[in-house]
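J.: Quick check, what structure comes out for this input:
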Amino acid sequence: MTAPKYHSPNPNLTRREIETLQLILEEEDYNRVAERMIVSVTTVKTHTNNIFTKLGVHSKMQAVLKGLKKGLVKLPMDDDDIAAVDRMLLENVG
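T.: Okay, the predicted model is just below:
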């Protein structure tokens, strides 16, 4: 019997993937993340899919939570960023 192809998640994200994950934490939509990174939305989605695979998750919320737990990203400190996280949490709870 052969071992399954799925391996435990690899948290070794690239610099751009970490940047993408941090911006996902701070922004609620891919368009804003793309604007801040000066890339296309398709590129942001590609980075996000790579993050999901490496972290073994299936949603932005799971990726952000795992990124926080592993110290890959940090919670924002100003009121605007905290409000963005609150919006993201509210969207994913319901």
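
J.: CA only for contacts and neighbour counts going forward, please
T.: OK.

J.: Now do the contacts for the residue nearest to the spatial centre of the chain.
T.: For the chain, the residue sitting closest to the mean C-alpha position, by C-alpha atoms, centre = their mean, is residue 21 at 3.3 Å. Each residue near residue 21 by C-alpha atoms under 8 Å, 6 or more residues apart in numbering is listed here: 48, 51, 63, 64, 67, 73.

J.: which ones among these are found in helices?
T.: 48, 51, 63, 64, 67 (DSSP state H).

J.: Generate a PyMOL selection restricted to the buried entries among those residues.
T.: Buried residues among the ones in helices among the contacts of residue 21 (16 or more other C-alpha atoms under 10 Å), as a PyMOL selection:
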select buried, resi 48+51+63+64+67
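
J.: Could you export the ones in helices among the contacts of residue 21 as TSV, including distance to residue 42 and pLDDT?
T.: Shown next, in TSV, are these (distance: C-alpha to C-alpha, whole Å; pLDDT from 0 to 100):
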residue	distance to residue 42	pLDDT
48	10	97
51	14	96
63	18	95
64	19	94
67	21	93
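
J.: how about the ones in helices among the contacts of residue 21 in CSV, adding distance to residue 29?
T.: Shown next, in CSV, are the ones in helices among the contacts of residue 21 (distance: C-alpha to C-alpha, whole Å):
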residue, distance to residue 29
48, 12
51, 16
63, 14
64, 13
67, 18
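
J.: Tell me the one of the ones in helices among the contacts of residue 21 nearest residue 88?
T.: Checking the ones in helices among the contacts of residue 21 against residue 88 by C-alpha to C-alpha gives residue 64 as the nearest, at 10.3 Å.

J.: Check which helix or strand the nearest residue to that closest one once chain neighbours are set aside maps to.
T.: Nearest residue to residue 64, sequence neighbours excluded (C-alpha to C-alpha, 6 or more residues apart in numbering): residue 25, at 6.1 Å. Assignment of secondary structure by DSSP states H and E places residue 25 within helix 15-26.
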